[in-house]
Structures are given as structure tokens and as C-alpha cells.
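Enquirer: Please work out how this folds:
(chains A and B)
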Protein chains: 2
Amino acid sequence: MSAEIICVGTELLLGDILNSNAQFLAQQLAQLGIPHYFQTVVGDNPDRLKQVLAIACERSGVLIFTGGLGPTPDDLTHETLADFFGVPLVERPEILEDIAQKYAQRGRTMAPSNRKQALIPRGAEILPNPAGTAPGIIWQPRNGLSILTFPGVPGEMYGMWRETAVPYLKSQGWGQEIIYSRTLKFWGIAESTLAEKVSAFLNLPNPTVAPYASRGEVKLRLSARAGSEMEAIELITPVEKQLQQIAGLDYYGADDETLPVVVGRLLQNAGETLVVAESCTGGGLGQMLTEVAGSSNYFLGGVISYDNQVKISLLGVNSEDLDQFGAVSDTVAKQMAGGVRSRLVAGWGLSITGIAGPGGGSETKPVGLVYIGLAGSAGEVESFEYRFGPLRDRALIRHVSACAALDHLRRKLLSRQPLENFVP
Amino acid sequence: MSAEIICVGTELLLGDILNSNAQFLAQQLAQLGIPHYFQTVVGDNPDRLKQVLAIACERSGVLIFTGGLGPTPDDLTHETLADFFGVPLVERPEILEDIAQKYAQRGRTMAPSNRKQALIPRGAEILPNPAGTAPGIIWQPRNGLSILTFPGVPGEMYGMWRETAVPYLKSQGWGQEIIYSRTLKFWGIAESTLAEKVSAFLNLPNPTVAPYASRGEVKLRLSARAGSEMEAIELITPVEKQLQQIAGLDYYGADDETLPVVVGRLLQNAGETLVVAESCTGGGLGQMLTEVAGSSNYFLGGVISYDNQVKISLLGVNSEDLDQFGAVSDTVAKQMAGGVRSRLVAGWGLSITGIAGPGGGSETKPVGLVYIGLAGSAGEVESFEYRFGPLRDRALIRHVSACAALDHLRRKLLSRQPLENFVP
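Expert: Numbering: from 1, shown residues only, chains lettered A, B, ... in the order given. The predicted structure is shown next:
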């Protein structure tokens, strides 16, 4: 028995949105060890949805729907399912109450159109949606066939999947053999270089090791198939350790660990604080650092010195140096880092100044030229030059600039302590 | 007659990659006016691919395949197609020569496994791949059925689509009627409320009007089917104007216009400047404003006052008020906005202070409580209270806080001028 993903939404057929729901569900099914051979996308059209249903019922035992649960007239998934299996829709007062409550919490009253979302096929169980008004269903309309529905909004679907669908599927006997994966993350090394360094591992049968690269970051995905998570971890751990050792300081973390998470932990462990001065990233470095809950323990704030006048007035950058070397220079990066550190009274000052493009570049200072400044507690100030152009666009140059700045601080913090002590 | 997209690849079923090919092809089909009702994903498995083929042949006249054209043994698309339609594979010397030449250009010799890529079904035409070694095919295995195949690598597929597939499809009579779409964007109104306000438009046949919502934003997508882009625009424009009029100030822009783009244009037109003071967003508002190339014309910078000491030292927030009212308060939001405006000498000062969570909330000040301060050139300072909790997570609270701040400034800038003058 296998599962099939059916995504309902005309916006998918028009190419308006990327089908990230299918990827999420596919990964989740793989983790649970549930075979999954087909994915279908169909529009908000009852006749074609019924055609797809007829085919899917014949070849799969678990049908997972996303989309078509909203309050608007084109949201027809539950209605069509009920019609296909010949049962009426029934209004479930607990759903109505839940929707009304959610509106009340935001100080609003429920729109009449939301009433529609309380109608589900008779015999179906409610799959609660803690984050939104559209609940899904878990339904066995006939023997050997399970149907699960989710709204198309990814954030709502993820929570519903984890909180209700996974326990349900496990109760049905799935997830006995699992695929457990761990992703190791690297900064400051090219995918091909890393792949060559670890080439001996790329043909392992279990766990498998596969390299990926995106937005300046390189990843190695380790996937083990085993009877339990613990067994899988036992398979993965020795390989993981060897890979980390080979990569050295280029390895920075695993899975959910991002550069700001890792840097934050190092700062917190050392009892040190950080402030930032940003020019071309315009606040992106601070935004990244504060993605981490609890970042106020080590991140004090900073200055967005987009305009040169702000560099002078709030950071104390020398106006003659600005004239002589330009805002995008080694000298100014250092003064920004030193200035923000001393004015905001912090342990570390990290600065970014660069040309994100598309305009503003010249022959000597092309788009993608970025300087990162790092001022430390011993009064030392360093700077680093990067040339991120010409293939990267404005958004990517800004993103990799912020990552590179964090990575410099990470290496600096780590190089003070023996690597053995680094528990990632 | 309609087209169907069939993506072949076990990596899609494992969720290793996002199916961006389907989105690209869906957009392209919409632009050509080719109806497209189904997308299927299937693994590198000949039996299941044949099942999918049997279904697709029955319901669609143009089958577009991606994936399974590589040199490895699991790449089986052409082989399976030939088998399904009962014709042999033939080796095409012009393909072999092309592959060998591409290897030579890189100073390498062709691997024996590449020979496989020269085998295509008898009767099929070669769909050249300028960027890679895997050519596709264009094939009419029977009357009224066209098959086009592409490799899974997006960059290779895009070029092949544009250079060969589009001219072919146009020669088959497609692309005479096009679908042209425009997305209107709204902030500060719920999807259900907007849908009710514009309910009379939701059943229009041409253009169609469909509501969407994501991350606090509501959209209306207008899609017109017509013989040319100009005709489509003529169909859309009057409907668009009526919808804008109904929505009033809740409408902020269309298509690529984001809140920072719209606010930036209003500031630039007025010759005014903006600075920001951010607490819970930690730089996210500045980051959003500087996503726009040329934002240095009106955005000067700001202060990330994550720590209270920074609010006092760089923004001049009163420390007694901080003690009495707390950092997340009406009073402090106003002082932050006023302080950053006067210290950085700008026309407008915009501030955000709030509790992004997950920790830090209390009964009187729950997670999601956010104050936005706006200080104007006439010395006036306003503040706005929001309760974005409890359903939104930290990332979403931070995102909608930055959007809400921009939206307040947008309304303020617009309300000074008669709405008729607002050309979005």
C-alpha cells in the first residue's frame, strides 16, 4: 500500500506558486518509510478532481490532499470528496466555534463565508488546524483507503501534519522502518572541492551521503534506513564525525543550525556581546541574527548606515577617509566595525559595506565587491574583501555578505578554543 | 486539446528537490494559452511511467516530460516511451557527434555511458539541447498526440523550451490565444472581507478574478484570455479599476510592486527621506526597504535598538519611561520614531517595538503585541497597536510587523494627496 499526494489549486496550474507542499510531504513520507509513487496537481474543478480521485483510489491506499479548503467559492475539496463517495456534507459545530474563537482573539468577527469551512463529509474526523481557520479531515471512506486533507497554506499544513497526521499514520502501522536524515552544513568551501575531499563517502550504501549546494552554502545529506531512529543515528554518527573532521572549520552545523544560531551559541557560551554596522545589507545581518529566539542575550543592536552621513554621525567614520577611499573600502569597513563596537559598548563589532547592485559598480569597484569588518574586544580590527559578482544578483549578494560576516565571527570565536571543545 | 506536464524523477518523490520545472512549464503554457489541467510526478520506474502515460494519452493532446534523459541506468524516459508506443530506439549519429563535441570543448572525452543519450524512438525529431548533453525529442507517435521531452536540469530545459518547443507549439496553432494575468495586492484587510466586498466579480468569465492570501497579504488575480496581450489588457483594465476603487486604501500595488517598492516611490516622488528604529524586527524593516535597488535615494538608514541601552543612547528614549511603560509600549514606540528621525535628520521616522516570541510574553503584553511609531516632518508622532498573536510564529510576527509599519507610512503619504493622483 502506498501514498499519493494530490495538490488542488488552479494557481499551481497557472504556475503562480511553486509546489513546496509536495516537496514537504514527499520528505515526510520518505521519513516515515511510506512508499510514494505518484503526485498529481489538479485545478479547483470538481469534475477533474473526481477523475483524479478515481485513478488514485485504484493505485494508492493513502491519499493526501492539499488545497481547496478555504472560505471562497472555488474551494471545493471537501465538497467534491463527499460527492465522489456519495455521502452528504455535515456542519460540525466544533469547527464553527473554533473559527469564531480565532476571529474573536484577533478582535474581529467571523465572516459568513467562513461557515462553509465547518462542512465536512459525514463520517470524517476533523484534522485540527491550530494556525488557521481551515481544518482538514482524516477519513476512511472505504476499507483500505485513508484520505487526509490539508489547506494549501504551507505554515498551517506543516503543523497539522506533524501534530495529527504523523501520529495517525503511525497508528496505522506506518513508520516502522524509517529513513532518518541529517544534513551537515558548510560555509567557505565550493561544492566540488568538498565533494572531492569526501569522495570516498559518496558511494556508501547506508547511510548514503549526497552533496547539495544553494545560495553559497554547501550541504552533505546523510540518510540512513533502519528499524528505529536510534539505530539510524548509530549508523550515521561515525560517518558524520569523519566528515566533520575532514572538513575542519568549513563545517559549521547540522540540520536546523544556521550560521546565526551557531554564532549566537558561541557568543552566549563565551558571555560576549555583538553589535553590527550595515551598509549594503541594510539591516539583513541584524535580521538574520534576531531570527534566533533569545538572541537578545548576546545581540545588542546596531546601526544601518545606508547613507554616508549616518556612517559619520553614528559610527564616527572619518569623512576624509570616506572621500579618499570611498564607502566601499577596507578602511571604512574597519571604522564601521570599530565605531559601532565602541559607541554601543559591546564585545564584538561586525560591519558590512559593499556594492549590491545592480547599479553603482565601476571598473575598480565592481558590483559584488564587499568588505567585512570585525572589531574585537582586544581592540583589534580586521577586514576581509570579497568579490561576489558578477553572476549573483542583488538579493544573493546581500544574503551571502551577511552569511560571510557571520562566518568570519564564527571562525574567530572558534579559533580561540581548541576544536575538540566545539560541540556543534 | 490540452497539455499535461509529467515530471519523471525519484528525487522528486523523495522530496530532495523542489519541482520548479513544473512551475516554469505551467507559466509558459498559460502564456501560450494552452489549457493545462493536470501535472503528474512519477519515479524512474518504467512500469509506473507507462501507467501514467496510458492515463495522460486519454485526457491530453500534448504531453510534456521532464527528467530521465541522463546517461545513468535509471534514466529511462525515451526507452519507456518507445516501448509504450511499440517502436524501436534508434541511435542518431548527429546526437553522438554533438555530445562528443561538447566533451571536447571542455577538454574531456565522452564517457561510454553517454552513448545511451543518442538513442531516441524511431520517428521522433531531436529537440536540441544547447547547454547540455541530453537532447529531448518532439514526437507525434499517433494522430492528435504530441510528446515533448526535456532533461530535468532547469537551466538546460529553459533554453530548449524557448528555442525549439515554443516555435513548434506555435506552428501547431497554439499561442494564438493567450492568457494574461495581473495580481492586485492588498494590505490591512482579511481575505474573506475582501472577497465579500468584491463578490460580484468572483464569477466573471473573462477576466476571471480569484482571491489568494499569504503572510498577511491578500491578492486578487485577474486572468484574461484573449487574442493578444493588448486585448487582454483591455479586458482587465476596467475590472482592475473597479476593484481598486472598491478596496480604496487597502489596495497598494500590482504584480511585482511590493510594499517597500510602493513606499519608496511615494517617498521619492515627494522628495522625502526615511529612517527606521527597529527593536523586535532586528533590521528586517531596513532589509525590506533596501531590497529595492535605488533605495538610497530616500532611505538613509536607522538604528537596530534591540537592547534597551541602545534605545537610550542612540535614540534618546527616556529611561524612566522604559521602566514605567516597558520597551513594548506606545510611549517608547513614539520616542523611538521621533528619536531616530531627529538624530539622523530625516523627513520620516518609523519604529517597531514588540514581542516576537516565542518567549517574553505576559498576560498584559502577550506574544504578538507590537507597537509601530511614525514621526513626521511636521513634528507629529503617532503610534499604532497590533496584536499579531497567538497563531503566528516569530518569523511571521516579525514579517507582518515590518509590512504593517510600511503600510502605515504608505497610508500617511497617500492621505496627503487626493487618491486620484495615485498612479500605482
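Enquirer: looking at chain A, which helix or strand is least sure?
Expert: Taking mean pLDDT, DSSP states H and E as the measure, the helix or strand of chain A with the lowest value is strand A:208-214, at a mean of 83.
Enquirer: Tell me how chain A divides into domains.
Expert: Annotated domains of chain A cover A:3-171, A:178-254, A:259-419 [automatic domain parsing].
Enquirer: now do the same end-to-end measure for the second one.
Expert: Read that as domain A:178-254. Length of domain A:178-254, first residue to last, C-alpha to C-alpha, to the nearest Å: 20 Å.
Enquirer: And stretch A:119-135, by the same measure?
Expert: Its start and end residues considered, stretch A:119-135 measures 10 Å (C-alpha to C-alpha).
Enquirer: Just the buried positions in it, please.
Expert: Residues of stretch A:119-135 classed as buried: A:119-121, A:124-127, A:129, A:131-135 (neighbour count, 16 or more other C-beta atoms under 10 Å in any protein chain shown). For glycine as for every other residue, the C-beta is placed from the backbone atoms N, C-alpha and C.
Enquirer: Could you point out which of these is nearest to chain B?
Expert: Comparing these against chain B with C-beta to the nearest C-beta picks out residue A:131 as the nearest, at 5.0 Å.
Enquirer: Would you mind getting the angle between the helix or strand just after the least confident helix or strand of chain A and strand A:208-214?
Expert: Downstream of strand A:208-214, the first helix or strand assigned by DSSP states H and E is strand A:217-226. Interaxial angle of strand A:217-226 relative to strand A:208-214 (axes from the mean of the first three to the mean of the last three C-alpha atoms, to 10 degrees): 150 degrees.
Enquirer: For the helix or strand just after strand A:217-226, list the C-alpha coordinates in CSV.
Expert: Downstream of strand A:217-226, the first helix or strand assigned by DSSP H and E is helix A:229-247. Taking Å, rounded to 0.1, in the frame of the first residue of the first chain, the C-alpha atoms of helix A:229-247 are listed here in CSV:
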residue,chain,number,x,y,z
GLU,A,229,15.6,6.4,14.9
MET,A,230,18.2,5.2,17.4
GLU,A,231,19.6,2.5,15.0
ALA,A,232,19.7,5.1,12.2
ILE,A,233,21.6,7.5,14.4
GLU,A,234,24.1,4.8,15.2
LEU,A,235,24.7,4.3,11.5
ILE,A,236,25.0,8.0,10.8
THR,A,237,27.1,9.2,13.8
PRO,A,238,30.5,7.7,12.9
VAL,A,239,30.2,8.8,9.3
GLU,A,240,29.2,12.3,10.4
LYS,A,241,32.2,12.6,12.7
GLN,A,242,34.6,11.6,10.0
LEU,A,243,33.1,14.1,7.6
GLN,A,244,33.3,16.9,10.1
GLN,A,245,36.9,16.0,10.8
ILE,A,246,37.8,16.1,7.1
ALA,A,247,36.0,19.5,6.6
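Enquirer: Mind checking the pLDDT average for helix A:229-247?
Expert: The average pLDDT within helix A:229-247 is 96.
Enquirer: so what does it touch, helix or strand wise?
Expert: For helix A:229-247, the packing partners by 3 or more C-beta pairs under 8 Å, 6 or more residues apart in numbering or on different chains; DSSP states H and E come out as strand A:178-187, helix A:191-197, strand A:217-226, strand A:251-254.
Enquirer: weakest of those in terms of mean pLDDT?
Expert: With a mean of 86, helix A:191-197 has the lowest mean pLDDT of these.
Enquirer: Which members of the buried residues of stretch A:119-135 are the farthest-apart pair?
Expert: Taking C-beta to C-beta as the measure, the buried residues of stretch A:119-135 span a maximum distance of 22.8 Å, between A:121 and A:131.
Enquirer: Let me know whether residue A:322 touches residue A:309 as I believe.
Expert: No. With contacts counted by C-beta atoms under 8 Å, residue A:322 stays clear of residue A:309, the gap being 9.8 Å.
Enquirer: now the strands for the stretch 51-200 of chain A?
Expert: For the stretch 51-200 of chain A, the strands defined by DSSP state E, counting those that start in this stretch cover A:62-66, A:89-91, A:119-121, A:125-127, A:136-142, A:145-150, A:178-187.
Enquirer: between those strands, which one is nearest to chain B?
Expert: For chain B, the closest of the strands of the stretch 51-200 of chain A is strand A:178-187, at 8.6 Å, according to C-beta to the nearest C-beta.
Enquirer: And that closest one, what does it pack against?
Expert: Where contact means 3+ C-beta pairs under 8 Å, 6+ apart, strand A:178-187 is packed against helix A:20-32, strand A:217-226, helix A:229-247, strand A:251-254, helix A:394-415.
Enquirer: Output the ones you listed in a markdown table, with mean neighbour count appended to each entry.
Expert: Shown next, in a markdown table, are the helices and strands packed on strand A:178-187 (neighbours: other C-beta atoms under 10 Å in any protein chain shown):
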| stretch | mean neighbour count |
| --- | --- |
| helix A:20-32 | 21 |
| strand A:217-226 | 20 |
| helix A:229-247 | 15 |
| strand A:251-254 | 21 |
| helix A:394-415 | 21 |
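Enquirer: wait, which of those is closest to residue B:17?
Expert: When the helices and strands packed on strand A:178-187 are compared by C-beta to C-beta, helix A:20-32 sits nearest residue B:17, at 7.4 Å.
Enquirer: Can you tell me which helices and strands that closest one packs against?
Expert: Contacts defined by 3+ C-beta pairs under 8 Å, 6+ apart place helix A:20-32 against strand A:3-8, strand A:36-42, strand A:62-66, helix A:154-160, helix A:166-171, strand A:178-187, helix B:10-13.
Enquirer: Output the third one in PDB with nothing but the alpha carbons.
Expert: Right, the one you point to is strand A:62-66. Extracted C-alpha coordinates of strand A:62-66, given in PDB (Å, rounded to 0.1, in the frame of the first residue of the first chain):
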ATOM      1  CA  VAL A  62      -3.400   6.800   1.400                       C
ATOM      2  CA  LEU A  63      -4.500   9.900  -0.400                       C
ATOM      3  CA  ILE A  64      -3.000  13.200   0.800                       C
ATOM      4  CA  PHE A  65      -4.700  16.300  -0.400                       C
ATOM      5  CA  THR A  66      -3.600  19.900  -0.100                       C
END
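Enquirer: Compute the inter-axis angle for it and strand A:36-42.
Expert: 40 degrees.
Enquirer: How about strand A:62-66 and chain B, any contact?
Expert: No. Using C-beta under 8 Å from any C-beta of the partner chain, strand A:62-66 never reaches chain B; the gap is at least 12.6 Å.
Enquirer: ok, residues contacting that strand?
Expert: Strand A:62-66 is contacted from outside by A:1-9, A:21-22, A:25, A:34, A:53, A:56-57, A:77, A:81, A:145-152, A:157, A:165, A:169, using C-beta atoms under 8 Å, 6 or more residues apart in numbering or on different chains.
Enquirer: That one pairs with which strands, and in what direction?
Expert: Strand pairing for strand A:62-66, determined by DSSP bridges: strand A:3-8 (parallel), strand A:145-150 (parallel).
Enquirer: Any buried residues in the first one, and which?
Expert: Put plainly, it is strand A:3-8. Judged by neighbour count (16+ other C-beta under 10 Å), strand A:3-8 contains these buried residues: A:3, A:4, A:5, A:6, A:7, A:8.
Enquirer: Identify the residues contacting the residue nearest to residue A:299 when sequence neighbours are not counted.
Expert: Distance criterion C-beta to C-beta, 6 or more residues apart in numbering or on different chains; nearest residue to residue A:299, sequence neighbours excluded, is residue A:289 at 4.9 Å. Going by C-beta under 8 Å, 6+ apart, residue A:289 touches A:260, A:263, A:264, A:274, A:276, A:295, A:299, A:406, B:282, B:283.
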